[in-house]
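Student: Provide a 3D model corresponding to the input given below.
(4 chains)
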There are 2 protein chains.
Amino acid sequence: MEEKEISQTVVGRLPRYFRYLGELKDEGIERVSSQELSDIMQVTASQIRQDLNNFGGFGQQGYGYNVGFLYDEIGKILGLHREHNLIIVGAGHLGQALVNYTNFERRGFLFRGIFDRDPQVCGKKIRGITVRPMNEMEAFVRENDIDIAVLTIPKTSAVEVAEQLAYCGIKGIWNFAHVDLRVPEQIQVENVHLSDSLMKLSYNLSSREYEE
Amino acid sequence: MEEKEISQTVVGRLPRYFRYLGELKDEGIERVSSQELSDIMQVTASQIRQDLNNFGGFGQQGYGYNVGFLYDEIGKILGLHREHNLIIVGAGHLGQALVNYTNFERRGFLFRGIFDRDPQVCGKKIRGITVRPMNEMEAFVRENDIDIAVLTIPKTSAVEVAEQLAYCGIKGIWNFAHVDLRVPEQIQVENVHLSDSLMKLSYNLSSREYEE
DNA sequence: AAGCCGCTGTCAATTCATTGACATAATTTT
DNA sequence: AAAATTATGTCAATGAATTGACAGCGGCTT
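Tutor: Residues are numbered from 1 along each chain as shown, chains lettered A, B, ... in the order given. The predicted structure follows:
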C-alpha cells in the first residue's frame, strides 16, 4: 500500500496542515488553493503541494483543494480514522494531566488504563479510570488490545518498563521520560523531551541578545 | 559575540549532547572521543565534531574532549549558567504538572508566578506559589524581571495572552496551546504541540503495517 | 627523546529538503 | 462555446544538512 518511504520531515508537517484545514472547515470554507494556505500558514505554496503529493493528488487544477475532503484524507493518513487504545504508565502530575486532557479522546486516542508503582496511588480513580499496580500491566496490554503506552515516569524506571512493554507486544511508546529508549525496531517511539525544548528556548533567548 | 547564525537543526541537538555528557560526568568519566560518543548516542562522529565546532574547538587532537569542560561549555551555550524567571499562565492540570516538576528549577528555570482567569482557582497555592488573576500579570512580569511565560491555556485565549505578554516585554514564550502565535520577532516562541506529536506517532504506527 | 598513534578540526562530496518554474488541465467568464 | 484565468502536479535548480576523508597536532609509548 505504501509506495515510497516518506521522510519524517514531511510527516512532522502533516498535523499542522490538518489543524489549519480543520479551522477552515469550521469556518465553513469549502475550497482552498495552495497559495491561500501558504499565506495563512506562512510556508511556501510549493512545499504544500510537494508535501501533499507524497500521498496522492488531492487537488484539482484550476480549482484547488476541497477543504473537507483534504481534511479527511490527511486524517486517514495520520491514522485518525480508527481508534487507538492507550495506557498511561506513571500516575504523577503529568500522567494525570494527560488523562484529563479530553482532546485526545476526541481524536480517537482512548485511555484504557493507568499504572503506577506506588501502592499508595493504586486504587485511586482519575477521570473514572482506576490506577493499577505495575505487575498487572503486561496482562492488561495483551487483554485490552493496547496500541500505545504513554511513559510519564522517571527516567530511571523508563528503560525497564519499555522492555516489559516491548515484551508484551506494544506497538508504540509516547515517551515523556528524559531518556532515549532502546526497543526493537518494530516498536515506534515518539519522544517528548520537555527539558530539551526548554533549553532550546533558552538558547534562542541568549543568542538573540548579541544580534542587535 | 555571535559570529554566524547557527541552524535550529544543530541547536535542537545540543540538549541531547548535554544530557549524555552529564551522564558520563556522573559516571566519573573524564574524557571522551567523538567516536565513543558516536557509539553511545547513535549518531555519526562526524556530526558530533561538526556540531561542536560551530561553537569553538572544545577538543584536543590525540586526546578527545574533556567531559566536564565540554558539559559546562554546552551548558553556557544553552544559557544554563544563569537563572531564568518564569510564569505559568493557566493553572490547569498541565500548568500544575510543570510547576511540580522540580528538574526545571535544578537547571535554573524558576517559577515565580502562576496566573489563571478562573476566580475560583485564584488564591490557591501550588507548591508554595499563589495563583493570581490575569489582570495582575502585566505588572508582575515587569516588576519581577520575568523572561519566559509558559502558556498552558486553551488556544482560544492563547493568542490574546501572547499579545499582552509581548506588550509588557516578555522575551520568550513556551507555548503548549495548540495554536501558532504571531508575536514580534524579538520574542522567541518554542512550541510544544502534544497532539501533533501523538499524531506523528499514530502515522508511524499505521505506516509500519504495510512494510512487512 | 623520538617516533608512533589517535583524534580533532575542516574541507569536499554526497544526500536530503526546499524553492522556483512551467506544461497542462479544469474552471470561470464573456 | 470559446477564450481567459486559475492552480495543480511535477521537474529542475538551488540550498541545507549529513557524511566521508584527511592533514596535522598532541599525547602516549618505548
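
Student: And A:Thr130, its phi and psi?
Tutor: Dihedral angles of A:Thr130 (phi, psi; degrees, to the nearest 10) stand at phi -80, psi 140.

Student: for DNA strand D, what are the nearby residues on chain A?
Tutor: Selection of chain A residues close to DNA strand D by C-beta under 7 Å from any atom of the strand yields A:32-35, A:45-46, A:49-50, A:52-53, A:57-65. Every residue, glycine included, has its C-beta placed from N, CA and C.

Student: Tell me which other helices or strands the longest helix along chain A touches.
Tutor: As assigned by DSSP state H, the longest helix anywhere in chain A is helix A:8-26. Applying 3 or more C-beta pairs under 8 Å, 6 or more residues apart in numbering or on different chains; DSSP states H and E, we find helix A:8-26 packed against helix A:34-41, helix A:45-53, helix A:67-77, helix B:194-209.

Student: Could you confirm whether the following helix or strand past that helix reaches DNA strand C?
Tutor: Using DSSP states H and E, the helix or strand that follows helix A:8-26 towards the C-terminus is strand A:31-32. No - Strand A:31-32 lies out of reach of DNA strand C by C-beta under 7 Å from any atom of the strand, never closer than 7.8 Å.

Student: list the helices and strands strand A:31-32 packs on?
Tutor: Counting contacts by 3+ C-beta pairs under 8 Å, 6+ apart, strand A:31-32 is packed against strand A:64-66, helix A:67-77.

Student: Of all these, which one is nearest chain B?
Tutor: helix A:67-77 (6.7 Å; C-beta to the nearest C-beta).

Student: ok, and does the closest one reach over to DNA strand C?
Tutor: No - on the criterion C-beta under 7 Å from any atom of the strand, helix A:67-77 is out of touch with DNA strand C, staying 13.0 Å away.

Student: just how off-centre is that helix within its chain?
Tutor: Centroid separation for helix A:67-77 versus its chain: 17 Å, with C-alpha atoms, centre = their mean, to the nearest Å.

Student: Now do the buried residues in it.
Tutor: Residues of helix A:67-77 classed as buried by neighbour count (16 or more other C-beta atoms under 10 Å in any protein chain shown): A:67, A:70-75, A:77.

Student: could you check the angle helix A:34-41 makes with it?
Tutor: Computed by axes from the mean of the first three to the mean of the last three C-alpha atoms, to 10 degrees, the angle separating helix A:67-77 from helix A:34-41 equals 70 degrees.

Student: can I assume A:Ser197 is in contact with B:Glu190?
Tutor: Yes - counting by C-beta atoms under 8 Å, A:Ser197 does reach B:Glu190; the two are 5.7 Å apart.

Student: joint contacts of those two?
Tutor: Listed as contacting both A:Ser197 and B:Glu190 by C-beta atoms under 8 Å, 6 or more residues apart in numbering or on different chains are B:Trp174.

Student: rewinding a little: take the helices and strands packed on strand A:31-32 and write them to a markdown table, including distance to chain B and mean pLDDT.
Tutor: As requested, the helices and strands packed on strand A:31-32 are exported to a markdown table (distance: least, C-beta to the nearest C-beta, whole Å; pLDDT from 0 to 100):
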| stretch | distance to chain B | mean pLDDT |
| --- | --- | --- |
| strand A:64-66 | 19 | 97 |
| helix A:67-77 | 7 | 97 |
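
Student: Kind regards, and thank you for your time.
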